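S.K.: Sharing a sequence plus its predicted fold:
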Amino acid sequence: MTTTTLAVLVPLLPFLGAAAGLLLGRTAPGFVRPLAVLPTLAAFVLTVVVAVRQGGGHAVDAATELTPTGSVPVELALHIDGFAALVAVLVGTVATCVQIYSTAYLRDDPRYPSYAALVSLFTSAMLLVVYSGDLIVLLVGWEVMGICSYFLVGHYWETPEARAASIKAFLVTKLGDVPFLIGLFALATDAGSFRITKVLDTVASGGLHHPTLIALLLLAGVAGKSAQFPLHTWLPDAMAGPTPVSALIHAATMVAAGVYFVARLLPVFETSSAAMVVLAVMAAVAMTGSGLAALAQDDIKRVLAYSTIGQLGYMTGALAVGDRGAAVFHLLSHGAFKALLFLAAGVVIHAAGTNSLAAMSRMGHLRARVPSAFWTMTLALLALAAIPPFSGFFSKESVLGAAEHASTGGSARIPCAAGWIVLVAGLVAALLTAAYAMRLWLLAFHGRGVEAPDHGRQPVAMNAVLWVLAVPSLALGALAYRVLPDWFDGRGLTPELTTSVLGTGVALVGGIVTYGVWRQTTALADSTPMGAVAARPEGDAGLVEAEAIASHTPAYGDVASAPDPADPGRLLLGPLHRHAATGFHLDAVYAALFVRPVLAAAGLVRFLDREVVDTYVHGAGVLPRLLGAAVRRAQTGNVQTYVSALLAGTVVLAVAALLVATGA
């Protein structure tokens, strides 16, 4: 088969698997798991074949007109360069691991068939975004991911948290998609085509007439989809969905789509210095704000959610300084260790027996209980904190190196201000990242919470996936920074000495200080045992999570409700802790500025509709009814009454005529 044919099959196979899984989910449940895993696995294998054939050389382009539009044509087009080839491999890897992991994690879930089908459809949509060479076809995958996230985040729809989170994710991302769509149409109007290659040719020839407006409109959509400031608030709440869904959204789909889109169309954004500065500010706020918020969260998944926002900030920061190679390098590295972190968190949640909404301060004695999760999560946290030689060190340092290069005027197209903003924020974020990574590790595995009942060994499928993802988390960075430049733009990704020393130094300071504070608070904390643990029956991890979310309580009851006093985050943040724990009240600000005025306006419209408009409508019916009643009462059937009324009417008419004549 040609490379083009194989590339077409890549998004098609998961789509067919999703359709077959939905059709056979009830009639042939035995086929559900094979239909979930095998098409996704086959698509992953094909992404590897396509990447090998593409080899980082010339892009693979193919197109056929979808339908005549009379103006700007829409084409089924492929554009597979080195970026697309490697990102597709990442998507296939993570999606396959998530599907395998879910077969055990949700083994007793009655809605597993629809869940697995939606995960396959989600994967298909992201692969379509990655390989698409036409912006309208890319938009189709973009929007399909949005609706899939709505259903998957709301998988436990019996709980109010899941319902609210799914609606919030859908509305916030759609809020960004409206200007995004307008920006796409404006871009295509200037370029005369939706083809990405033709758009980039137009940019190179200076053919864009409104570059700043187009770039800012597109950035609104990217902020929503990639959970960047100020449209990032949906992502922490989306943790109400199953943990494997979180791994998929955070590591390889949805939030990665926005970063990938900007990387693919980076020349469009580089035509506007204002847009690059805005992108840099967005990245800086995301990096620093999310780091502070993560340090104050008690739920292990919310810590990782805010972590994702910060790491995406590094990627958008690299794009803001014009280095898409560094951005995609960190996207690949982050995809591996963030998927590992979430899937390991699922094992920890199951073993701890807590819910997914408030857990870390109640965990205790888990290191020996889940050794695979402990060791793999330790590796992933070291990669997240950018400690050498783990993958996160090389990819994060490539971002900081690019920012340093831009801050010294290394590129005429990039404002120096953007470089300084990203560099300073990146170093601050490195300190905060190491701090909350150390805090998570200490509370999750060395916490003083109540020991949960032992559910026995975790399923092999779950543990095996953790070790598979541990390999790239450990080795990807050291190998990739030598190889990836040939696949990208040829720009070097080797860590710079200055930023490497600074970045690693502040990360070590953050980790060591957090550990020291934890030791101090542990020594001062009350050592009285928290009491006996109520037993709970063994069950699959998904049901443990769903039942605990529904109950709004820890799985052990009130005995475990008190948080661990040895939480270093409270002491490190001080009075800032309560603000950081709520995401700096951004949801409250949005509620005051947008939600309440809209609800008030809706209430006014409802009042006017019911009390004013309906009054006229009801009045139009009441008046004829009253007249009809009056006429009906006049129909007595008495001839004398009729004659009397006739004579009275005649007299009235005669008098009226006489008055008129006299007046004349």
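M.R.: In hand now; what should we look at?

S.K.: next SSE after the lowest-mean-pLDDT helix or strand in the chain?
M.R.: Least confident helix or strand, the chain: helix 541-551 with a mean of 58, by mean pLDDT, DSSP states H and E. Past helix 541-551, further along toward the C-terminus, the next helix or strand under DSSP states H and E is helix 568-573.

S.K.: which helices and strands sit right next to that following helix?
M.R.: helix 416-446, helix 497-524, helix 577-581 (3 or more C-beta pairs under 8 Å, 6 or more residues apart in numbering; DSSP states H and E). All C-beta spots, glycine's among them, are computed from the backbone N, C-alpha and C.

S.K.: Can you name the element that comes right after the first one?
M.R.: Past helix 416-446, heading to the C-terminal end, the next element that is a helix or strand (DSSP H and E) is helix 460-487.

S.K.: can you give me the offset of stretch 239-259 from its chain's centre?
M.R.: 6 Å (C-alpha atoms, centre = their mean, to the nearest Å).

S.K.: And that stretch, end to end?
M.R.: By C-alpha to C-alpha, to the nearest Å, the extent of stretch 239-259 from end to end equals 21 Å.

S.K.: mean confidence for the helix or strand that R632 is a member of?
M.R.: Under the criterion of DSSP H and E, R632 resides in helix 614-634. Averaged over helix 614-634, pLDDT sits at 79.

S.K.: could you check the angle helix 614-634 makes with the helix or strand just after that helix?
M.R.: Remark: after helix 614-634, the chain's next helix or strand is helix 639-663, criterion DSSP H and E. Here helix 639-663 points in a direction 110 degrees away from that of helix 614-634 (axes from the mean of the first three to the mean of the last three C-alpha atoms, to 10 degrees).

S.K.: re the thing from before, out of the helices and strands packed on helix 568-573, the one nearest L219 is which?
M.R.: Shortest distance between L219 and the helices and strands packed on helix 568-573, using C-beta to C-beta, is found for helix 416-446: 13.5 Å.

S.K.: Just the buried positions in that closest one, please.
M.R.: 418-423, 425-445 (16 or more other C-beta atoms under 10 Å).

S.K.: Which elements pack onto it?
M.R.: Using 3+ C-beta pairs under 8 Å, 6+ apart: helix 416-446 touches helix 273-294, helix 300-320, helix 371-384, helix 391-407, helix 497-524, helix 568-573.

S.K.: That helix vs helix 371-384, what angle?
M.R.: 160 degrees.

S.K.: what's the angle from helix 416-446 to helix 391-407?
M.R.: 160 degrees.

S.K.: hang on, the earlier thing: of all the helices and strands packed on helix 568-573, which one is nearest A293?
M.R.: Short answer: helix 577-581, nearest of the helices and strands packed on helix 568-573 by C-beta to C-beta, at 5.0 Å.

S.K.: Residues in contact with that closest one: which ones?
M.R.: Applying C-beta atoms under 8 Å, 6 or more residues apart in numbering, the contact partners of helix 577-581 are L292, A293, L295, A296, Q297, D298, G569, R570, L573, H585.

S.K.: how about that helix: buried residues?
M.R.: So, applying 16+ other C-beta under 10 Å, buried residues of helix 577-581: H577, A580, A581.

S.K.: right, and the helix or strand after it?
M.R.: helix 586-590.

S.K.: who does the following helix or strand past that following helix touch, helix- and strand-wise?
M.R.: Next helix or strand after helix 586-590 toward the C-terminus (DSSP H and E): helix 596-607. Helices and strands touching helix 596-607, by 3+ C-beta pairs under 8 Å, 6+ apart: there are none.

S.K.: on that earlier part again, nearest to K168, out of the helices and strands packed on helix 568-573?
M.R.: Using C-beta to C-beta, those put helix 577-581 closest to K168, at 18.2 Å.

S.K.: and L66, helix, strand or coil?
M.R.: strand (DSSP: H, G, I helix; E, B strand; the rest coil).

S.K.: Test my guess that it contacts V74.
M.R.: Yes: between L66 and V74 there is a contact under C-beta atoms under 8 Å: 4.8 Å.

S.K.: Show me the shaky parts of the stretch 501-650 of the chain.
M.R.: 525-566 (pLDDT under 70).

S.K.: The same query, at a cut-off of 80, please.
M.R.: Across the stretch 501-650 of the chain, the ranges flagged by pLDDT under 80 are 522-566, 616, 618-619, 622-623, 629-642.

S.K.: before we move on, the earlier item: generate JSON lines for the contacts of helix 577-581, with distance to V259 and neighbour count as supplementary columns.
M.R.: Listed next are these as JSON lines, based on distance: C-beta to C-beta, whole Å; neighbours: other C-beta atoms under 10 Å:
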{"residue": "L292", "distance to V259": "22", "neighbour count": "25"}
{"residue": "A293", "distance to V259": "20", "neighbour count": "28"}
{"residue": "L295", "distance to V259": "24", "neighbour count": "29"}
{"residue": "A296", "distance to V259": "26", "neighbour count": "25"}
{"residue": "Q297", "distance to V259": "23", "neighbour count": "25"}
{"residue": "D298", "distance to V259": "28", "neighbour count": "18"}
{"residue": "G569", "distance to V259": "28", "neighbour count": "27"}
{"residue": "R570", "distance to V259": "33", "neighbour count": "17"}
{"residue": "L573", "distance to V259": "28", "neighbour count": "18"}
{"residue": "H585", "distance to V259": "27", "neighbour count": "13"}
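
S.K.: Dump those into JSON lines; add distance to R362 as well.
M.R.: What follows is the contacts of helix 577-581, written out as JSON lines (distance: C-beta to C-beta, whole Å):
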{"residue": "L292", "distance to R362": "23"}
{"residue": "A293", "distance to R362": "20"}
{"residue": "L295", "distance to R362": "18"}
{"residue": "A296", "distance to R362": "16"}
{"residue": "Q297", "distance to R362": "14"}
{"residue": "D298", "distance to R362": "8"}
{"residue": "G569", "distance to R362": "15"}
{"residue": "R570", "distance to R362": "15"}
{"residue": "L573", "distance to R362": "20"}
{"residue": "H585", "distance to R362": "25"}
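
S.K.: can you put the helices and strands packed on helix 568-573 in a markdown table and add distance to L200?
M.R.: Formatted as a markdown table, those follow (distance: least, C-beta to C-beta, whole Å):
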| stretch | distance to L200 |
| --- | --- |
| helix 416-446 | 21 |
| helix 497-524 | 30 |
| helix 577-581 | 41 |
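
S.K.: Tell me which of those helices lies nearest to I249.
M.R.: Closest among those, using C-beta to C-beta: helix 416-446, at 19.1 Å.

S.K.: what's the angle between the closest one and helix 300-320?
M.R.: Using the same axes, to 10 degrees: helix 416-446 against helix 300-320 is 160 degrees.

S.K.: what separates helix 416-446 from the chain centre, distance-wise?
M.R.: On C-alpha atoms, centre = their mean, the centre of helix 416-446 falls 20 Å from that of its chain.

S.K.: what helices or strands is the helix or strand A84 falls within leaning on?
M.R.: Counting by DSSP H and E, the element that carries A84 is helix 82-105. In this structure, helix 82-105 makes packing contacts with helix 3-24, helix 32-54, helix 112-131, helix 243-251, helix 255-264, helix 324-352, helix 460-487, helix 541-551, judged by 3+ C-beta pairs under 8 Å, 6+ apart.

S.K.: Which secondary structure elements does the fourth one sit against?
M.R.: In this structure, helix 243-251 packs against helix 82-105, helix 112-131, helix 135-153, helix 300-320, helix 324-352, with contacts taken as 3+ C-beta pairs under 8 Å, 6+ apart.

S.K.: Mind checking these for the one nearest to V10?
M.R.: Among the helices and strands packed on helix 243-251, helix 112-131 sits nearest to V10 (C-beta to C-beta), with 5.3 Å.

S.K.: tell me what the closest one is packed against?
M.R.: helix 3-24, helix 32-54, strand 74-80, helix 82-105, helix 135-153, helix 243-251, helix 255-264.

S.K.: Alright, that wraps it up for me.
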